[in-house]
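[1] compute the structure for the input listed below.
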Amino acid sequence: MTYLTRATAAGGALLAAAGLLAAGPAHAASRDLLPGNWLYLTVTKGEPGSSDARGTLLLCDPPLGHPHAAEACAELAATDGDIGRIPPKDVFCPMLYAPVTAHASGRWNGRPVDFQETYANTCAMNARTGAVFALDD
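    Residues are numbered from 1 along each chain as shown. A predicted model of the protein is given here:
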């Protein structure tokens with residue numbers, strides 16, 4: 001299989017998986033159709049409830065769908081999918097209040113994952129969650 005064919009197949013799988021997630025509560029059982037470890041990640045700028053959100057589907061078997069998929073999957077694997085246990089990075093973040101809310105829902109090793117936390121700014125979020133919510137290229 002050529003790279004282009006694999007990339008097209010992977011892109012199709014991501015679109016299909018995103019469609020399953022967007023199906024809503026009536027198709028909640030469909031979420032179990034995604035194989036392996038996966039999370040739907042969103043980062044919302046502003047106070048919780050803001051409409052300025054960005055999201056992506058992170059697949060980890062193999063790592064796909066996220067600008068830093070391999071790194072994010074490795075960090076999650078090291079904590080058995082527990083985002084709150086990712087070791088914080090030793091960085092200095094500006095004392096600027098520009099809140100962001102990170103939300104993850106999905107499955108890790110067959111268990112449901114639901115994580116949500118609001119951070120003072122993107123730097124604080126990335127320092128605390130590693131590559132998981134680093135959705136910018």
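
[2] tell me where the protein has strands.
    Assigned by DSSP state E, the chain shows strands spanning 38-45, 53-60, 63-64, 100-108, 111-119.

[3] now distance to residue 71 and mean pLDDT too, for these, in CSV please.
    Placement of C-beta: from N, CA and C, glycine included. Converted to CSV, the strands of the chain look like this (distance: least, CB to CB, whole Å; pLDDT from 0 to 100):
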stretch, distance to residue 71, mean pLDDT
strand 38-45, 13, 95
strand 53-60, 11, 93
strand 63-64, 8, 94
strand 100-108, 15, 96
strand 111-119, 18, 96
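
[4] from residue 82, how far out is residue 96?
    28 Å (CB to CB, to the nearest Å).

[5] pull the contacting residues for the residue most central in space within the chain.
    Central residue of the chain (CA atoms, centre = their mean): residue 41, 3.2 Å from the mean position. Shown in contact with residue 41 (CB atoms under 8 Å, 6 or more residues apart in numbering): 55, 56, 57, 58, 66, 102, 103, 104, 132, 133, 135.

[6] now swap in residue 56 and tell me
    Contacts for residue 56 were tallied using CB under 8 Å, 6+ apart; they are 40, 41, 65, 66, 135.

[7] thought residue 65 was touching residue 58?
    Yes. Taking contacts as CB atoms under 8 Å, residue 65 lies within contact range of residue 58: 5.5 Å.

[8] between these two, who's got more neighbours?
    For the pair residue 65 and residue 58, the greater number of neighbours falls to residue 58 (26 against 21), based on other CB atoms under 10 Å.

[9] test my guess that residue 47 contacts residue 98.
    No. Here residue 47 does not reach residue 98: they are 10.7 Å apart, not a contact under CB under 8 Å.

[10] many thanks, have a good one.
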